[in-house]
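A.B. asks: The following block contains a protein sequence and its predicted model.
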Amino acid sequence: MNIYVGNVPKGTKNRELQKLFEAYGKVISAAIARDRKSGVSRGFAFVEMDNRHEGEQAIAALNEVEFKGQRLHVNEARERPRDSSTPGSRTSADRWHHAPQGQMRGGWDHGARGAHTNRGQGGKRGL
C-alpha cells in the first residue's frame, strides 16, 4: 500500500520516517520528495507498506500526529492522472522539433552557438 505523508518537517531523513511507520508493519520503502536542483525537502513523502491492513493501521494512528514539531497529514496515496492538459505529460520531443543540421522542416532549430533561430518560417533568417 502506498501512503502519502504531508507536512514533513525539513531535515527529516528517510530512515526516520521509515522507523516511524515500522511500528505498524513492514515498510518496503520511505522516500522524502526533494527539489531536483537544490536537494531540499519539498515537505512531503511517500511510504510503501507491505500490505493494506498494516497501511490502514499506520494511517489511522499517524494522521494529525505531531512529529518533530509539525502535524503530519497521512492518507492513502492516489495515482495522479496523466492527460494532455497536465503540464509535463508530453515530452519535449512532442513539443519541439529540432531537425538535424541541413534539414529545414519548420519550427525552431539551433543556430550559431546554440541560440534558437526561426528557420523555415518564410523569413530571411536561416537560409
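C.D. replies: Right, received. Where do you want to start?

A.B. asks: Hmm, V65 is touching L72, no?
C.D. replies: Yes. Counting by Cβ atoms under 8 Å, V65 touches L72, with 5.7 Å between them. From N, CA and C alone the C-beta is placed, and that goes for glycine too.

A.B. asks: which of those two has more neighbours?
C.D. replies: L72 (20 against 12; other Cβ atoms under 10 Å).

A.B. asks: Give me the phi and psi for the more buried one.
C.D. replies: Main-chain torsions, L72, degrees, to the nearest 10: phi -80, psi 150.

A.B. asks: Wait, it touches N7, no?
C.D. replies: Yes. Contact criterion Cβ under 8 Å: L72 and N7 qualify, at 5.7 Å.

A.B. asks: Look through the chain and tell me its longest helix.
C.D. replies: For the chain, the helix with the greatest residue count under DSSP state H is helix 52-62.

A.B. asks: What average pLDDT does that one get?
C.D. replies: Mean pLDDT, taken over the full extent of helix 52-62, equals 97.

A.B. asks: again with stretch 22-29
C.D. replies: For stretch 22-29, mean pLDDT rounds to 96.

A.B. asks: Dump whatever helix or strand F46 lives in to PDB, restricted to CA.
C.D. replies: Assigned by DSSP states H and E, F46 falls within strand 41-49. Output of strand 41-49 as PDB, limited to C-alpha atoms (Å, rounded to 0.1, in the frame of the first residue of the first chain):
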ATOM      1  CA  SER A  41      12.900  18.600   1.100                       C
ATOM      2  CA  ARG A  42       9.600  19.600  -0.600                       C
ATOM      3  CA  GLY A  43       7.700  18.900   2.600                       C
ATOM      4  CA  PHE A  44       6.000  15.600   1.700                       C
ATOM      5  CA  ALA A  45       6.900  11.900   1.300                       C
ATOM      6  CA  PHE A  46       5.700   8.500   0.200                       C
ATOM      7  CA  VAL A  47       5.800   5.400   2.300                       C
ATOM      8  CA  GLU A  48       5.200   1.900   0.800                       C
ATOM      9  CA  MET A  49       4.000  -0.700   3.200                       C
END
